[in-house]
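Peer 1: Show me how the following folds:
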Amino acid sequence: MKGSVIAIAMVALVIGFGAGFALRPVLAPAGVSAAAAAGVAQPTEEEAIAAVRRHKLFTGTSLTSATLKLGDCSPGGIGPGVTCMTQLTMDASKPNATPQNRPVGFARVNGQWEVAVW
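Peer 2: Predicted structure coming up:
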């Protein structure tokens, strides 16, 4: 009896995973971010750059010369808004400035995008 319950659970699990993989292209079409597919607003690249440039690090450092390329966004798991993968250059005015790949959270506050999770 116990073995048959485990076997049924395993078969159900395999069927569930198979259905998820098979339906994934239908539920989240290629080329659409997870945030867009979920109907969650996300910033444009210009709005994200402006938010990063307004943001001050905990050390008080300003990022007024930062540049950013916005990647895929998904609904925020830690805070409100969305978390986006970014390619961030902290100070683009420096000749040896190296871009960093890092997730950055954005939230809409009073109609304007702000950095929510750094």
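Peer 1: Point out where the chain drops to low pLDDT.
Peer 2: 1-3, 5, 7, 9-39, 78-79 (pLDDT under 70).
Peer 1: Which residue ranges of it form strands?
Peer 2: Ranges of strands in the chain, per DSSP state E, are 67-75, 82-89, 100-109, 112-117.
Peer 1: So which elements touch the longest one?
Peer 2: With contacts taken as 3 or more Cβ pairs under 8 Å, 6 or more residues apart in numbering; DSSP states H and E, strand 100-109 sits against helix 45-54, strand 82-89, strand 112-117. Where you see a C-beta, it was placed from the backbone N, CA and C, and this is true even at glycine.
Peer 1: Contacts for it next, please.
Peer 2: 41-43, 47-48, 51-52, 68, 73, 76, 78-90, 113-118 (Cβ atoms under 8 Å, 6 or more residues apart in numbering).
Peer 1: hang on, the earlier thing: deepest-packed of the strands of the chain, please.
Peer 2: Most buried of the strands of the chain, by mean neighbour count (mean count of other Cβ atoms under 10 Å): strand 82-89, with a mean of 20.
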